[in-house]
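Undergrad: Here is the input, now give the coordinates:
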Amino acid sequence: MMSIHKLRLIMIYAFLIYPQVAGAAAQNSLEMTDMAQECFRSANFVPVFETPANVELNPCVIAIRNNNLANNDLAATYSNQGILLSSRGEHAAAIISHTQAIDLLENSEDSGILESIYINRGNTYFAMQEYEAANADYSRVILLSAGTQHQALYNRALVFKALGYTKRALEELEHALLLAPDNLRYLASHSLLRTDNSMPKSGSETAWEKPGEYLD
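TA: Residues are numbered from 1 along each chain as shown. Next up, the predicted model:
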């Protein structure tokens, strides 16, 4: 039976417009059930930020209800369910699914899947315009590992851009480019932001504007 340890990672990539899916929540056990595999396949191919009425949740629901998955596999299935819920516009329910996945992996040594779930949940918060919560999840990814730091930095740039903090968004993109200097999306977004001279018009410095959130 196939191994599916490829969490579908929603990454904010569409030139500072929308998050992009980078990989469905993939289980890593060879004893995956048919329903869990179908849940993975559905999450992997669902349209991003669309709300098709025919998105099928049953495979995920059945796989979770049967309660015969390894811990990491169960977490991945919850996150895949979250992706499908988001595609239906059910963002609040998606947050619950992603959070259940994170809770299952609280003591896991597999930081890779945890990073992906945090990004997926962060992008769901972003879709809900809950930017502080999105920023918190992206920041957790940066602290977890170097593997997806540049992706989380890029996502945080979109948060700051949405809030009108163009200078901070540029700083995030520049850090992302240090880690992935040949990424064409990052380069294009950086160029677009440099031409945007909008700055915050009022308000005092927030915690997000303070230094110290980066890993060297």
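
Undergrad: Helix, strand, or coil at residue 106?
TA: Per DSSP: H, G, I helix; E, B strand; the rest coil, the local secondary structure of residue 106 is coil.

Undergrad: and it, how many neighbours does it have?
TA: Neighbour count of residue 106, defined by other CB atoms under 10 Å: 8. The way it works is simple: take the backbone N, C-alpha and C, and place the C-beta from them, glycine included.

Undergrad: Could you check how far it is from residue 112?
TA: In this view, residue 106 and residue 112 are 15 Å apart by CB to CB, to the nearest Å.

Undergrad: now residue 185
TA: Distance, residue 185 to residue 112, using CB to CB: 21 Å.

Undergrad: Residue 183 too?
TA: In this view, residue 183 and residue 112 are 19 Å apart by CB to CB.

Undergrad: Could you do residue 34 as well?
TA: On the measure of CB to CB, residue 34 and residue 112 end up 25 Å apart.

Undergrad: the more surrounded of those two?
TA: Under the criterion of other CB under 10 Å, the comparison of residue 34 against residue 112 puts residue 112 first, with 16 against 11.

Undergrad: The more buried one: what's its closest spatial neighbour, skipping adjacent residues?
TA: Among residues not flanking residue 112 along the chain, residue 147 sits closest, at 6.3 Å (CB to CB, 6 or more residues apart in numbering).

Undergrad: Check residue 162 too.
TA: Spatial nearest neighbour of residue 162, chain neighbours left out: residue 131 (6.0 Å); criterion: CB to CB, 6+ apart.

Undergrad: State the number of residues packed around the one you found.
TA: 18.

Undergrad: pretty sure residue 76 is touching residue 37, no?
TA: No - counting by CB atoms under 8 Å, residue 76 does not reach residue 37; the two are 10.8 Å apart.

Undergrad: okay, these two: which has more neighbours?
TA: Neighbours of residue 76 and residue 37, each counted by other CB under 10 Å, are more numerous for residue 76; the result is 35 against 19.

Undergrad: Any figure for the gap between the more buried one and residue 196?
TA: Distance from residue 76 to residue 196, counting by CB to CB: 38 Å.

Undergrad: Check residue 34 too.
TA: In terms of CB to CB, residue 34 sits 49 Å off from residue 196.

Undergrad: cool, residue 164 as well?
TA: If you measure residue 164 against residue 196 using CB to CB, the figure is 10 Å.

Undergrad: Quick one: mean pLDDT for the helix or strand that contains residue 174?
TA: Element membership for residue 174 (DSSP states H and E) is helix 166-179. Throughout helix 166-179, pLDDT has a mean value of 93.

Undergrad: buried stuff in whatever helix or strand comes next after it?
TA: Using DSSP H and E, the helix or strand that follows helix 166-179 in sequence is helix 184-194. Neighbour-count burial for helix 184-194, with 16 or more other CB atoms under 10 Å as criterion, is recorded at 185, 186, 189, 190, 193.
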